[in-house]
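Colleague: next one to model:
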Amino acid sequence: MAIALFTVLLWTPLPDAMGQAPDRTRVPKDLVQSLTKRVDLTYARYGDRQLKLDLYRPSDTKKPLPAIVCIHGGGWFKGDRSSMTNSAQVLASRGYVTVTISYRLSGEAKFPAAIRDCKASVRWLRANAEQYGIRPDSIGVVGLSAGGHLAALLTSSHGMEYLEGDGGYSDQSSVVQAGVAMGAQSDLETDRIIEQSSREDDPFYRPFLGGSFEEVPLQYAAASPRHHFDTTDPPLLFITGERDHVSTRAEPSRAHLKRLSIETGLVVLDDAPHAFLGRQRAFDACVQACDEFFSKHLKREEPKAESK
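Modeller: Numbering: from 1, shown residues only. This next block holds a predicted model:
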């Protein structure tokens, strides 16, 4: 039985030698140069529509590695995969194959299009595991904001045929072995979200789900990670900035996971905002927490073959 884990990591930003605030996130050139990169790989097709991803892995090893899908934010209606490049590169340097994915935004296709794309990316990784040196039994997902919501939904909604879609590789599983949701909403059926969706000018939930909660309640349920929690879920970690909305700490969701004996936890980055990946020290602390979590759940030893 999994042990419920609750951790709080407080990160305190320090001024630089000139007393300035932390600068923008930068990844060392030598780290980037240590990686093998493949860009604009097609992972899903819907008629003439192709969805792309960028892939990174350490150049100094050929052995199969765990994989991590990195999902960008933007309120489900904007943003692109490049905002997760830094995270993907640094995580790759620590012994993973990482991919940043594009997905259909709400202006192009309503829910469940985005989660179907995320699931398609996991199936693609398994279908191409041998070519790219991936351990198909060790795949994780991480995302920020809207991407964090999709990461949590991907982690919790295995077995939901409605959410699978037809992006390709239907013979492969979309199940992941661990998830990290950053700055994410994990329950779309709360009073706060219901009230926001009732506003005509709501830029998030109405466009994403096709209407207000009152109009399409089943869509809000289907899109809510917490609605899908069960005892077969893999571990799910939450990371948020101290200055982000309290809902991103996912207290009811973490309590729900604890009741199901699913390992979970909370990392709070002190004084960090919602978009904390753009701040070097918050970024570094976040990547460290992700690596520790994924190392525990994805880098376990492969089962040894039985001797004859």
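Colleague: list the contacts for residue 44?
Modeller: If a contact means C-beta atoms under 8 Å, 6 or more residues apart in numbering, then residue 44 has 50, 51, 117, 120, 121, 124, 167, 168 as its contacts. No exception for glycine: its C-beta is placed from N, CA and C like everyone else's.
Colleague: the most centrally placed residue in the chain sits in which helix or strand?
Modeller: Nearest residue to the geometric centre of the chain (C-alpha atoms, centre = their mean): residue 142, 2.4 Å. When elements are assigned from DSSP states H and E, residue 142 belongs to strand 134-144.
Colleague: partners of that strand, with directions?
Modeller: Strand pairing for strand 134-144, using DSSP bridges, gives strand 65-71 (parallel), strand 178-182 (parallel).
Colleague: quick one: those as JSON lines, columns for mean neighbour count and distance to residue 277 too.
Modeller: Formatted as JSON lines, those follow (neighbours: other C-beta atoms under 10 Å; distance: least, C-beta to C-beta, whole Å):
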{"stretch": "strand 65-71", "mean neighbour count": "28", "distance to residue 277": "10"}
{"stretch": "strand 178-182", "mean neighbour count": "29", "distance to residue 277": "8"}
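Colleague: pLDDT averaged over the strand holding residue 142, what's the number?
Modeller: Mean pLDDT, computed over strand 134-144, is 98.
Colleague: what of stretch 189-199?
Modeller: For stretch 189-199, mean pLDDT rounds to 98.
Colleague: coming back round to it: and the strand holding residue 142, how far out from the chain's middle?
Modeller: Centre-to-centre, strand 134-144 and its host chain are 9 Å apart (C-alpha atoms, centre = their mean, to the nearest Å).
Colleague: just to check, residue 65 is in contact with residue 93?
Modeller: No. The pair residue 65 and residue 93 does not pass the contact test of C-beta atoms under 8 Å, sitting 11.5 Å apart.
Colleague: any common contacting residues for these two?
Modeller: Joint contacts of residue 65 and residue 93 (C-beta under 8 Å, 6+ apart) are residue 58.
Colleague: mind listing what residue 163 touches?
Modeller: Per C-beta under 8 Å, 6+ apart, neighbours of residue 163: 112, 115, 116, 119, 153, 157, 222.
Colleague: what is the burial count for the fourth one?
Modeller: To tie it back to what came earlier, the one meant is residue 119. Residue 119: 29 surrounding residues under other C-beta atoms under 10 Å.
Colleague: list the contacts of it.
Modeller: 154, 163, 164, 165, 167, 174.
Colleague: next step: the residues you listed restricted to helices.
Modeller: Using DSSP state H, the subset of the contacts of residue 119 located in helices is residue 154.
Colleague: follow-up on the earlier one: buried ones among the contacts of residue 44?
Modeller: 51, 117, 120, 121, 124, 167, 168 (16 or more other C-beta atoms under 10 Å).
Colleague: can you add secondary structure and give these back as CSV?
Modeller: As requested, those are exported to CSV (DSSP: H, G, I helix; E, B strand; the rest coil):
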residue, secondary structure
51, strand
117, helix
120, helix
121, helix
124, helix
167, coil
168, coil
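Colleague: for those, which one is nearest residue 23?
Modeller: For the buried ones among the contacts of residue 44, the residue nearest residue 23 by C-beta to C-beta is residue 121; the value is 31.8 Å.
Colleague: what sits against the closest one?
Modeller: Listed by C-beta under 8 Å, 6+ apart, the contact partners of residue 121 are 43, 44, 51, 53, 69, 99, 101.
Colleague: quick check, nearest of the residues you listed to residue 240?
Modeller: residue 69 (19.8 Å).
Colleague: give me the neighbour count for the closest residue to the closest one other than its chain neighbours.
Modeller: What sits nearest to residue 69 in space, not counting adjacent residues and going by C-beta to C-beta, 6 or more residues apart in numbering, is residue 141, at 4.5 Å. As a burial measure, residue 141 scores 30 neighbours (other C-beta under 10 Å).
Colleague: shaky segments in this protein?
Modeller: Within the chain, the stretches with pLDDT under 70 are 1-22, 302-308.
Colleague: show me the helices in it, by range?
Modeller: 29-33, 85-93, 113-127, 129-132, 146-156, 191-197, 205-209, 217-222, 251-259, 280-298.
Colleague: just name the most buried of those helices.
Modeller: helix 146-156 (a mean of 29; mean count of other C-beta atoms under 10 Å).
Colleague: quick check: angle from that helix to helix 113-127?
Modeller: In terms of direction (axes from the mean of the first three to the mean of the last three C-alpha atoms, to 10 degrees), helix 146-156 departs from helix 113-127 by 60 degrees.
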